[in-house]
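**Q** sequence and predicted structure, then a few things I'm wondering about:
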Amino acid sequence: MAWVTWRQHRPQLLMTAGLLLLVALAALVTDLPVRAAYHRHALSSCLPSATRPGCELIVSHFRSEFASRAAVARYLIVLPALPGLFIGAPLLAREFEHGTFRLAWTQSIPRYRWLLSKTFLLSLATIAAAALLAVVAMWWRQPFDNVNGRISPAGFDVEGLVVPAYAFFALAVGVLAGALLRRTIPAMSLAAGAFFAVRLGVEKLLRPHYLGALHRTANGLTQGSRARDWVLQNRLVDAVGHQITTAREDRAIVHAQHATVDPQSYLLSLGWKRVITYQPDSRFWTFQAIEMGIFVFLALLAVAAALVLVRRTPA
Amino acid sequence: MSAPLETTALGKRYRRTWALRDCTLTISEPAIVGIAGPNGAGKSTLLGLAVGLLEPTEGTVRVAGRDPRHDPAALAEIGYVAQEAPLYRSFTVGEMLAFARASNNRWDDALATELLAGASSQTRVAALSPGQRAQLALALALGKRPALLLLDEPFALLDPLASRAFLGALMDGVSETGSTVVVATRLVADIERVCERVVLLGTGRVRLEGTVEELLASHRLLTGARRPLGRIRGVEQIVRERYSGRQATLLVRVNGPIVDPTWSVDEIGLEDLLLAYMAPEELQPPQPPEPSRLRWHG
């Protein structure tokens, strides 16, 4: 089966390798200036920030200088969806479209074993490719991670264990979509839609709650948060702990300005303070393991559903 | 040794229509059996059930004593060429053979290569002619050395020359493997060329079954003057009556010699025989048109 799988999916597998190479090259070229600046400004001695005089300025300068590169790197989140579209969805749909399932399923290998071994082998290839992608992304983002941490989505989504898990899940959803719809293009659309819906749903709804969030009270109205954390909420509360609306905050500031008092010290005198809810950077690997578990579980579920469909559906 | 193909009260329903119903067949000794019938008669459904692609709604199907749907070992006993002989178009001929080799425990490479009749193994499937493609599909199916070979409309896309080549390859291959062959086709001429036995399906049911020899021996065409039909000695059943002017032509199944000298007795060809059974609606004599009722509106 290994040869058959390789032969049937050769174009996609070669394309995956090509894409990886391209990403790695782009990463190498774009990261060299970042690393050079990092060393030039001796940013490593600024971690955690503001340990030596002038650090805050250096860090904020570094951030703004390379902000656009870091923003572009966010697009790496699209790549784990591709195995679902181009390998998973056609796996069954193309056989149905061309009628070749009648050939494939009437050899001596029962159709569920045929599907299982193909899915298994392609999953291995996909997971390996995604793991390489994650390694490249982690190397690329290392300077940013040192400064900004990696628990917030910019780092978390493209690094570590979750990337192979996302790719495996995308592949499995693609296979299931092909089993359901039996047409390649609709299956690709369904695979993409389902992948991003689940992926963003988990990120927005579940990930903030994997472990209880921490709270930190900051005196004064400046952010005062350590930049390496994933800040979930940043609220201004009064002395009793009620949240202060922005309208009320604005009125207070205007009032202070009329009275020619420094707004900062005025609000402090009212007993107002900031409460920051966050997940600390130190939880990165724990969160990665949890999210990987979720996606591997969902992927196995999708593969199981596809197997049941293929076993049961009249052809 | 159990029969290569055996069905008992086999039925398959798609939503509300029965594609095949109450089909009981035993194909016991090595033979070439034709499944005839018009489009939609259930031929492909029967083959699909036999190869385990379809699940029966009722009844059972056994291939060499095994359930093709649930016994994985049954698949090795079946060679199947689906309609239009699906193959992987981007593969070369050699790669298709490698595919079959990798997908079957029992695989006769020498036989498959021999049946390909020298088609270059470097040629892509997409570049093959319909005839070569059909022969490749046949080689893949026979390379399994199956107990049962199922061919679904193998001649549909072939020109006469390609048909003859395909037939030659089929005969060579079957003489080598000893497979029982079941050919589904809507063209009766195909059956006449190859088959020793015929099963005629019509709207999901078995209409007629037997060896070609038996069927031809047991049917006669009677021609004579038109008259009210009573019992005719030697006739078991009137299959079809046709009238032109004062002459009547009857297709009958006989159980003895026809002695009545007012009927002239002729033998019938297989094609006419099968066509007669395929079109049972001809049994009813044409109805006179109903007189139209006119009403005068003054």
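**A** On my side now, so go ahead.

**Q** wait, A:Met188 sits on A:Ile87?
**A** No: using C-beta atoms under 8 Å, A:Met188 is not in contact with A:Ile87, being 10.6 Å away. All C-beta atoms are positioned from the backbone trio N, CA, C, and that covers glycine.

**Q** more neighbours: which of the two?
**A** Taking other C-beta atoms under 10 Å in any protein chain shown, A:Met188 and A:Ile87 do not tie; A:Ile87 has more neighbours (26 against 21).

**Q** other residues contacting the helix or strand bottoming out on mean pLDDT in chain B?
**A** Among the helical and strand segments of chain B, the one scoring lowest on mean pLDDT, DSSP states H and E is helix B:188-194, with a mean of 82. With contacts defined as C-beta atoms under 8 Å, 6 or more residues apart in numbering or on different chains, helix B:188-194 is touched by B:32, B:34, B:36, B:155, B:167, B:170, B:181, B:183, B:185, B:198, B:212, B:269-271, B:274-275.

**Q** mind listing what's buried in that helix?
**A** By 16 or more other C-beta atoms under 10 Å in any protein chain shown, the buried positions in helix B:188-194 come out as B:Val188, B:Asp190, B:Ile191, B:Val194.

**Q** what of stretch B:32-39?
**A** Buried-residue list, stretch B:32-39, by 16+ other C-beta under 10 Å: B:Ile32, B:Val33, B:Gly34, B:Ile35, B:Ala36, B:Gly37.

**Q** hey, what's the fifth one bridged with?
**A** Think B:Ala36. Beta-bridge pairing for B:Ala36 (DSSP bridges): B:Thr185, B:Leu200.

**Q** shouldn't it be in contact with B:Leu273?
**A** No: B:Ala36 is beyond contact range of B:Leu273, at 10.2 Å (criterion: C-beta under 8 Å).

**Q** show me what contacts the residue in the stretch 151-300 of chain A that chain B sits nearest to?
**A** Of all residues in the stretch 151-300 of chain A, the one sitting closest to chain B is A:Arg182 (14.0 Å; C-beta to the nearest C-beta). The contact partners of A:Arg182, by C-beta under 8 Å, 6+ apart, come to A:Leu92, A:Ala93, A:Phe96, A:Glu97.

**Q** sheet-wise, list the partners of the helix or strand B:Leu20 falls within with their directions.
**A** In this structure, B:Leu20 sits in strand B:17-27 according to DSSP states H and E. Here strand B:17-27 is paired, per DSSP bridges, with strand B:5-14 (antiparallel).

**Q** hey, C-alpha coordinates of the strand it pairs with in PDB?
**A** Provided in PDB are the C-alpha atoms of strand B:5-14 (Å, rounded to 0.1, in the frame of the first residue of the first chain):
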ATOM      1  CA  LEU B   5     -21.900 -17.600  -7.400                       C
ATOM      2  CA  GLU B   6     -25.000 -18.300  -5.500                       C
ATOM      3  CA  THR B   7     -27.800 -15.900  -4.700                       C
ATOM      4  CA  THR B   8     -30.900 -16.600  -2.600                       C
ATOM      5  CA  ALA B   9     -34.000 -14.300  -2.800                       C
ATOM      6  CA  LEU B  10     -31.500 -11.500  -3.300                       C
ATOM      7  CA  GLY B  11     -33.000  -8.000  -3.500                       C
ATOM      8  CA  LYS B  12     -31.700  -4.500  -3.500                       C
ATOM      9  CA  ARG B  13     -33.800  -1.400  -3.000                       C
ATOM     10  CA  TYR B  14     -32.800   2.200  -3.700                       C
END
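
**Q** looking at the contacts of helix B:188-194, which two lie furthest apart in space?
**A** Farthest-apart pair in these is B:Leu170 and B:Leu275; separation 24.4 Å (C-beta to C-beta).

**Q** with neighbour numbers in mind, choose between those two.
**A** The residue with more neighbours, out of B:Leu170 and B:Leu275, is B:Leu170; 25 against 17, by other C-beta under 10 Å.

**Q** show me the contacts for the nearest residue to the more buried one once chain neighbours are set aside.
**A** Nearest non-adjacent residue to B:Leu170, counting by C-beta to C-beta, 6 or more residues apart in numbering or on different chains: B:Leu138, 6.3 Å away. By C-beta under 8 Å, 6+ apart, the contact set of B:Leu138 is B:Val81, B:Ala85, B:Leu115, B:Leu151, B:Pro154, B:Phe166, B:Ala169, B:Leu170, B:Gly173.

**Q** which strand or helix spans B:Leu138?
**A** B:Leu138 belongs to helix B:130-142, assigned by DSSP H and E.

**Q** pull the distance from that helix to the chain's centre.
**A** Taking C-alpha atoms, centre = their mean, to the nearest Å, the mean C-alpha location of helix B:130-142 is offset from the chain mean by 19 Å.

**Q** tilt between the very next helix or strand once past it and strand B:17-27?
**A** Per DSSP H and E, the first helix or strand lying C-terminal to helix B:130-142 is strand B:148-152. Using axes from the mean of the first three to the mean of the last three C-alpha atoms, to 10 degrees, the inter-axis angle of strand B:148-152 relative to strand B:17-27 is 140 degrees.

**Q** quick one: mean pLDDT over strand B:148-152.
**A** Averaged across strand B:148-152, the pLDDT comes to 96.

**Q** roughly how far out does it sit from the chain middle?
**A** So, by C-alpha atoms, centre = their mean, the centroid of strand B:148-152 is 10 Å from its chain's centroid.

**Q** hmm, it in reach of chain A?
**A** No: Strand B:148-152 is not in contact with chain A by C-beta under 8 Å from any C-beta of the partner chain; minimum separation 8.7 Å.

**Q** touching that strand from outside, list them.
**A** So strand B:148-152 is contacted by B:4-5, B:43-44, B:47, B:50-51, B:63-64, B:77-83, B:138, B:141-142, B:170, B:174, B:177, B:179-184 (C-beta under 8 Å, 6+ apart).
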